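S.K.: Test case, fold it:
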Amino acid sequence: MINVDFGKRLRDLRLRAGLTQAQLAERLGVTKSVVSFYELSERSPSPNVIIKLAEVFHVSADYLLGIDKKRTLDISDLDEEQVRLVETMVRAMRSNG
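M.R.: Modelled structure (predicted):
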């Protein structure tokens with residue numbers, strides 16, 4: 001069984017992305033009620049759905065499952081200069097926190 005925090009984490013990610021349950025369901029190829037069951041921790045997604053969720057929200061499967069508490073940021077489509085800028089911004093935010 002998946003960690004009970006999975007449902008809350010999924011709901012938080014969905015809301016932050018500005019998606020309705022129906023919109024997320026369409027992206028996953030499931031029904032809105034299935035997404036609701038996931039968020040209520042009444043059902044566990046298949047490995048294929050977990051992979052799709054990780055792709056939709058640009059997080060790792062480990063993050064979704066509560067194994068890795070860190071949130072990841074997909075920077076794969078940025079060029080080197082943009083990556084350096086993001087790294088600089090992160091360091092600045094951490095030093096001000």
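S.K.: Low-confidence ranges, the protein, go.
M.R.: Counting by pLDDT under 70, the chain shows low-confidence ranges at 1-4, 69-72, 97.
S.K.: center of it, which residue is that?
M.R.: Nearest residue to the geometric centre of the chain (C-alpha atoms, centre = their mean): residue 57, 3.9 Å.
S.K.: contacting residues for the nearest residue to that residue once chain neighbours are set aside?
M.R.: The shortest distance from residue 57 to any non-neighbouring residue, by C-beta to C-beta, 6 or more residues apart in numbering, is to residue 13 (4.6 Å). Glycine gets a C-beta too; all of them are placed from N, C-alpha and C. Listed by C-beta atoms under 8 Å, 6 or more residues apart in numbering, the contact partners of residue 13 are 53, 57, 59, 64.
S.K.: Name the single longest helix found in the chain.
M.R.: The longest helix of the chain (DSSP state H) is helix 80-96.
S.K.: Buried ones in it, by neighbour count?
M.R.: Neighbour-count burial for helix 80-96, counted by 16 or more other C-beta atoms under 10 Å, picks out no residue.
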